[in-house]
Structure formats: structure tokens, C-alpha cells
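A.B. asks: coords please:
(one chain, ligands or ions: 1)
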Amino acid sequence: MLTIQRPAIDPRLDLFAEIERLKRELNAVILAHYYQDPDIQDVADYIGDSLGLSRQAAATDARVIVFAGVHFMAETAKILNPTKQVLLPDLAAGCSLSDNCPSDRFAEFLRAYPGHIVISYINCSAAVKALSDIICTSANAVAIVNQIPKDQPIVFAPDRNLGRYVMAQSGREMVLWPGTCIVHETFSERKLIALKVRHPDAEVIAHPECEPAVLRHADFVGSTTALLKYAGTSDRRAFIVVTEAGILHQMQKAHPDKLFIPAPPEADCACNECPFMRLNTLEKLYLCMRDRTPEVTLDEATRLRALTPIERMLAMSPK
Ligand code: SF4
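C.D. replies: Numbers count the residues shown, from 1 in each chain. Coordinates of the predicted model:
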């Protein structure tokens, strides 16, 4: 494997100030996902979930997009902004959903379902987006499926748990690609029930990537942004949060008077933290801006084919 040797960072550097300086120098915007480390969230110009980040990527007039998230998110920004440089602090920041749905296997899978419309969750590669008719996020998946004529068969990929949730909400049957998120499938129903007993006044709020056995205990199910908003509008004082633990930083910042309890994974591990998201660090963020690498690039034919289903999503999403 090629190892890029970079000069070490001077330990006396104030990375927060340096990142601000580089932002001005490069005319850069930092887009960060809610699942990033708190330090990264604190230097970001915009923090959001996949839908919000896509909208920001489409709207920005910055010359450089620094994407503090995982690879498919930075790729989406590149699809929307071909002339801008898109930097990702660590190119190895993948995603189990995207990585386990390679485009060649997906194309073969689709051959068994002619006449189906293909709706893909944004957590997939540009090559899989290029094979899809419409992209969706967890925030708009139900609304998008509800806009498809009732007699039109649908393939939904790559997250089978989100697919099952959409099927339950929309009353539509769909063919599902069998992918899962390694973080959201890890939550334990048994431990969640025990936690509810210890905190009887807490509401359970969960992301639809969780297994159905966990979701049935949720008082509210929604995208990361929806969970954050719900925590603000609910009159409850405590919440058991069943999604990646990074969102707790924004929840606690926005509502310091409320209690947010991370839901426990099955094993005694930090499996409720996405290992891909955590590959990005403040140091790597600084280095990618200083050195303007690693950069996400795409061949133009794939980019153009992937752009159409993303544009359909943006047009079909409730505002
Ligand atoms: S939390 Fe799950 S879906 Fe999100 S990037 Fe990590 S592996 Fe992918």
C-alpha cells in the first residue's frame, strides 16, 4: 500500500485558528456530518445529515468543499459540484452500506427485476447511484416512495432496515437489497428494555437504520436531523438516543437542560460510534486543507449518470 509521508504537525499550532485561516485562504467551506467528533463539528460551517449536507453542497459558492464525513457523502458533493475541489480528511472513511453494495453485484441483482424503479439510499457509491432512478435519504425516503404510482414495482437499496421501515410507513411492498449499517444493527433490544426500566420517563428516539426489533420500542423514529428537532419540541426531559453517538454532542449543546442517554450496543464496545466516521480527526482535517489532499475525484460519465437521480431526489423532497 502507498504510504504518504507528511511533515508532522507542529504541536504548538492552534489547529482551530489554523483551520479558520485556511478556510479564508482557500475560500473553503467545511461540511460536517452529525456523527463527526465534537471538535470537527465545532469548526464546521454547516453540520447536518445526508440530506442537509447534499443541499448545502448544491448551494455553496465556496471554491473548495472540505467534507468531514464518509466517502459516499464527499462523492455526492463532487457529483453536485464538478468544478470544485472536494477534500476528504481520510479516503478510507467508507460505510458498511456502501461498501457491501458493489456496483457490479448490484447491476446483476437488478437484472432479476426488470420494470422496477430503483430507489437507492444516499449511502451508496456514485457507481450505484448511476444505476438508480431516484436517490433518497432517511429524511425523505417515505415521502419519495409515496410519490411513486401504486402499480409501479420498486427495488430499494442498500439498507434493508430503512427499506422495511419505509414499507411499514407507506404500505408498499419493495424488493430489498440485503445491506445493513454496522452501527445501527448493533443496538440491543434486551439492553434497551433494561434502560427503559431504569429511565421510565425517557422517550426512545431512534434512526430507521435500526433493526425492526429495536424500532418497535421507539416513541419517535426519524432521520438524524428529525431526532435533533424532536428532542427540542418534545416536552420530555430525558431521551434514550438509538443512533450513532456523535449526535449527542449537538443534542446536548442545543438542550443543555435535557438528558440524552446513548442506547447500548449488544457487546461491551464502542460499537455505537461509526468506525468510518471516526477515521476523520481534527489533525487530518487540518492536513487535508493545508496540503489540499486527499481529493475525491470522479469520471465524468459516472458523475452525470449519478447526478440525475440526486436531482430527482432534491426535486421530490419536502422542503
Ligand atoms: S453510521 Fe452506518 S450508515 Fe452511517 S457511515 Fe457509518 S456505517 Fe455507514
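A.B. asks: Pull the contacting residues for the spatially most central residue of the chain.
C.D. replies: Nearest to the geometric centre of the chain sits residue 50, at 4.6 Å (C-alpha atoms, centre = their mean). For residue 50, the contact set (C-beta atoms under 8 Å, 6 or more residues apart in numbering) comprises 33, 73, 76, 122-123, 137-139, 223. To be clear about C-beta, it is placed using only N, CA and C from the backbone, and glycine gets the same treatment.
A.B. asks: can you tell me which of the residues you listed are in helices?
C.D. replies: Counted as lying in helices by DSSP state H, out of the contacts of residue 50, are 73, 76.
A.B. asks: Among the contacts of residue 50, pick out the one closest to residue 256, please.
C.D. replies: residue 33 (22.2 Å; C-beta to C-beta).
A.B. asks: will you turn the contacts of residue 50 into JSON lines that also has neighbour count, distance to the ligand and pLDDT?
C.D. replies: Below are those laid out as JSON lines (neighbours: other C-beta atoms under 10 Å; distance: C-beta to the nearest ligand atom, whole Å; pLDDT from 0 to 100):
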{"residue": "33", "neighbour count": "26", "distance to the ligand": "8", "pLDDT": "93"}
{"residue": "73", "neighbour count": "28", "distance to the ligand": "8", "pLDDT": "95"}
{"residue": "76", "neighbour count": "28", "distance to the ligand": "13", "pLDDT": "94"}
{"residue": "122", "neighbour count": "27", "distance to the ligand": "10", "pLDDT": "96"}
{"residue": "123", "neighbour count": "27", "distance to the ligand": "5", "pLDDT": "96"}
{"residue": "137", "neighbour count": "22", "distance to the ligand": "11", "pLDDT": "94"}
{"residue": "138", "neighbour count": "27", "distance to the ligand": "9", "pLDDT": "93"}
{"residue": "139", "neighbour count": "21", "distance to the ligand": "14", "pLDDT": "91"}
{"residue": "223", "neighbour count": "24", "distance to the ligand": "12", "pLDDT": "93"}
